[in-house]
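>>> structure, please.
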Amino acid sequence: MADKAWKQFERHAASLFDGKRHWANSGERVDFESDWAIGQCKLVKSLSLEALTKLAEEMEADGKNHKDAKGKADPKVGVVVTKVRRGSGKPSPTLITMTEESLKMFVGFVANLAKREGEHAGTRAD
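Model prediction:
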């Protein structure tokens, strides 16, 4: 049986963030999760800007309030990954949407990662 397009899209979205797709009936609000991000995917014919904004706000809140498996605070960047279904043979780009606050969080994660990598580079024996 062929994979449904939305499952393929969710797997693709998860791979963009080096994450894993949540299975459909997991009861989770998010479709995928990585070490630093959570996301919801929408493969749609149309989606209003208001609806997209609400989704981005929900993902921001869910990311800020994310907890790890032990219940400890584990904030993550919340994103919405969308793609328009135009029909067979009419591709569309994948879009990544996040709020300004989520972008600031993302930039902070990247800065911390770069700083850690720079510290590790300075301690290597050549």
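>>> helix, strand or coil for the residue nearest to residue 95 when sequence neighbours are not counted?
Leaving aside its chain neighbours, residue 95 sits nearest to residue 82 (4.8 Å; criterion: C-beta to C-beta, 6 or more residues apart in numbering). To be clear about C-beta, it is placed using only N, CA and C from the backbone, and glycine gets the same treatment. Of the three states, residue 82 takes strand under DSSP: H, G, I helix; E, B strand; the rest coil.
>>> for residue 33, what are its contacts?
Listed by C-beta atoms under 8 Å, 6 or more residues apart in numbering, the contact set of residue 33 reads 14, 19, 20, 22, 39, 76.
>>> no no, residue 55
40, 42, 80, 97.
>>> next one: residue 54
Residue 54 neighbours (C-beta under 8 Å, 6+ apart): none.
>>> measure it to residue 113 for me?
Per C-beta to C-beta, to the nearest Å, residue 54 is found 30 Å from residue 113.
>>> what do you get for residue 16?
Residue 16 is 17 Å from residue 113, by C-beta to C-beta.
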